[in-house]
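Asks: Need a 3D model of the following:
(2 chains)
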There are 2 protein chains.
Amino acid sequence: MPELENFFNEVRNIIDLELNRLVPTVGTQPFRLYDAIRWSLFGEGKRFRPALVIAAGREFGASDKKLVHTAAAVEMIHTYSLIHDDLPAMDDDDLRRGRATVHKKFDQATAILAGDALQAMAFETIADDGSLDEKMRLQLISELSAAAGQMVAGQQLDLEAEGEKADVKMVERIHKGKTGALIRFSVRAGGIIAQVSVLDLQVLTEFGEKLGLLFQITDDILDVTSTSAALGKTAGKDVASMKATYPEAIGLDGARALAKQIEVETRNVLSPLCGDKSLLHDICKYVATRNS
Amino acid sequence: MPELENFFNEVRNIIDLELNRLVPTVGTQPFRLYDAIRWSLFGEGKRFRPALVIAAGREFGASDKKLVHTAAAVEMIHTYSLIHDDLPAMDDDDLRRGRATVHKKFDQATAILAGDALQAMAFETIADDGSLDEKMRLQLISELSAAAGQMVAGQQLDLEAEGEKADVKMVERIHKGKTGALIRFSVRAGGIIAQVSVLDLQVLTEFGEKLGLLFQITDDILDVTSTSAALGKTAGKDVASMKATYPEAIGLDGARALAKQIEVETRNVLSPLCGDKSLLHDICKYVATRNS
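Replies: Numbering: from 1, shown residues only, chains lettered A, B, ... in the order given. This next block holds a predicted model:
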């Protein structure tokens, strides 16, 4: 899908420019804090969630100018959650986005603070976005903060479920918070900014929910089947930590079959939408077949 | 000052009711997360920052109904910062608000997540506050997120300064972020909600800045002169950790003299304001003479 690749590259350029503008430059005191924030933000990264904001928004005619701040805010929330989840007290990981995790490269205190700062910065970014009207900004902040809360609850459930026998309901519940909430928000945010109808926002919401599920199933599969080099993070980590995952709950073949089924369902959700849906279809296919 | 005591008690009742309403009840899954959040929120605590929001707001005729959500949000941000600052990788403290710190009572992962959840909840609380108009909510979120960022930067500077010879400029810089930013915001928030004039907001801002400075000087003095039982947190911690403090930079007598001077300056800031300033005066006196 060369078109999708172009789109992802384009998003990466737009978002990296914006993040670079929003985050204090290296050389701002306290140096170590902003070094750490930039270290984590500017590693390899697909900018998948910002791509969802922009894809869903463009689909309905929103300009990039209106989408880019919220897309950057989503990436800040995502990055803060990665930094904190990687801490020794949580998932204890050394590798992320193809480089050392923040607490490895810097130290734990700096990692905790860098995450905290990124979370605050995300809400500040939307609050100060003069290209969106006030009501829209408040809706985005309200929904993004709720999603951030769900991510935390999902991570807590995930840690508590370590070592327990995973059943598929529990796996679904964990991931609905941990990964699903922010993916759902990203798709909705594009629709909210484009001021879509209530019905179209409903369709986007369902698409976001299914896509989040699909993303997590393939994430769990890749943890088993791929390499750390390809993923930019430690492969085989879920099994080693006895995490609740789809392959653990229903086997690798079961997880693959489920991914196929959810891929079809995700695409079908879009059928009531008018207009060109090729970008959203391509994203769905990408998530189902990705190898990193 | 029995009137001030009544006021603090009243604030505590109002804020605790509101926090109790806003935070998911014990028995919400994941149990451990909400247990931990409630453990930290509902320890002993003066609710000093919410009191500032309410005092400044009432001074200019804002109703409690309009002030209480923002006041609760400020307490959430304050509490999240305490939970994270107490972590072993940061100030490594066992006692807070007269009880075990969250990572001691629960565990480090839960403490990190409880802090993260409280930060998100603070912004959600203001975004969803239907009693304030949209523009006002956005201004409060923008300023509160900026203050939260400054707190993080202050804590980072504080950790980096440990063991270094403290000079008074550095101490001031650390505390302007670490404690000052949220106290400044709290006073401003009362004024913003009461829709005061630009000039009056300027006065309140200066009052908040000076009061934050005064608060930190007396905090540093109490760390040396008081007991853990009176403070509800570990006394003597600053010296043991070789923190940059006022007594360390200018001696205990120097710090006491500075507090007296700043107390006068803080009160004088208020002179351009019309109306009854007795509550703000009393708060200033309380901060200067407090023993816990």
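
Asks: Show the contacting residues for A:D129.
Replies: Contact analysis of A:D129 by C-beta atoms under 8 Å, 6 or more residues apart in numbering or on different chains lists A:H69, A:T70, A:R137. Quick note: C-beta positions are derived from backbone N, CA and C, even for glycine.

Asks: can you redo those as a markdown table with secondary structure and distance to A:V264?
Replies: Output for the contacts of A:D129, formatted as a markdown table (DSSP: H, G, I helix; E, B strand; the rest coil; distance: C-beta to C-beta, whole Å):
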| residue | secondary structure | distance to A:V264 |
| --- | --- | --- |
| A:H69 | helix | 34 |
| A:T70 | helix | 30 |
| A:R137 | helix | 36 |
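
Asks: Closest one to chain B out of those residues, please.
Replies: A:R137 (5.9 Å; C-beta to the nearest C-beta).

Asks: all strands of the stretch 51-200 of chain A, in order?
Replies: A:95-96, A:99-100 (DSSP state E, counting those that start in this stretch).

Asks: how deep is A:R32 tucked in, by neighbour count?
Replies: When neighbours are counted by other C-beta atoms under 10 Å in any protein chain shown, A:R32 registers 18.

Asks: Look up how far A:I112 lies from it.
Replies: As judged by C-beta to C-beta, to the nearest Å, A:R32 and A:I112 stand 13 Å apart.

Asks: what does A:F123 give?
Replies: 18 Å.

Asks: can you check A:A194 too?
Replies: 36 Å.

Asks: A:L159 too?
Replies: 16 Å.

Asks: repeat for A:R137
Replies: Taken as C-beta to C-beta, the span from A:R137 to A:I112 is 28 Å.

Asks: who has more neighbours, these two?
Replies: A:I112 (29 against 25).

Asks: Tell me which helix or strand comes right after the helix or strand bottoming out on mean pLDDT in chain A.
Replies: Ranking every helix and strand in chain A by mean pLDDT, DSSP states H and E puts helix A:237-240 at the bottom, with a mean of 87. Past helix A:237-240, further along toward the C-terminus, the next helix or strand under DSSP states H and E is helix A:246-250.

Asks: Which other helices and strands does that following helix contact?
Replies: When contacts are defined as 3 or more C-beta pairs under 8 Å, 6 or more residues apart in numbering or on different chains; DSSP states H and E, helix A:246-250 packs onto helix A:168-175, helix A:198-225, helix A:237-240, helix A:252-269.

Asks: Flag every residue of the stretch 51-200 of chain A that's near chain B.
Replies: Within the stretch 51-200 of chain A, the residues that sit near chain B (C-beta under 8 Å from any C-beta of the partner chain) are A:80, A:84, A:87, A:89-90, A:107-110, A:112-113, A:115-117, A:119-121, A:123-124, A:127-128, A:134-135, A:137-138, A:141-142, A:145-146, A:148-149, A:152-153, A:155-157, A:159-160.

Asks: rerun that using 7 Å as the cut-off
Replies: Within the stretch 51-200 of chain A, the residues that sit near chain B (C-beta under 7 Å from any C-beta of the partner chain) are A:84, A:87, A:89-90, A:108-110, A:112-113, A:116-117, A:119-121, A:123-124, A:127-128, A:134-135, A:137-138, A:141-142, A:145-146, A:148-149, A:152-153, A:155-157, A:159-160.

Asks: Which of these are buried? Put it as a PyMOL command.
Replies: Buried residues among those (16 or more other C-beta atoms under 10 Å in any protein chain shown), as a PyMOL selection:
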select buried, chain A and resi 84+87+89+90+108+109+110+112+113+116+117+119+120+121+123+124+127+128+134+137+138+141+142+145+146+148+149+152+153+155+156+157+159+160
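
Asks: Centre-most residue in chain A?
Replies: A:R49 (4.6 Å; C-alpha atoms, centre = their mean).

Asks: Next, format the contacts of A:D129 as JSON lines and append pLDDT and distance to B:R96.
Replies: Conversion of the contacts of A:D129 to JSON lines gives the following (pLDDT from 0 to 100; distance: C-beta to C-beta, whole Å):
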{"residue": "A:H69", "pLDDT": "98", "distance to B:R96": "36"}
{"residue": "A:T70", "pLDDT": "98", "distance to B:R96": "36"}
{"residue": "A:R137", "pLDDT": "98", "distance to B:R96": "35"}
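
Asks: With distance to B:T179 added, can I get these in TSV?
Replies: Putting these into TSV (distance: C-beta to C-beta, whole Å) gives the following:
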residue	distance to B:T179
A:H69	30
A:T70	32
A:R137	29
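
Asks: Closest to A:I221 out of the residues you listed?
Replies: A:T70 (29.9 Å; C-beta to C-beta).

Asks: you'd agree the closest one is up against A:I192?
Replies: No - judged on C-beta atoms under 7 Å, A:T70 makes no contact with A:I192 at a distance of 8.6 Å.
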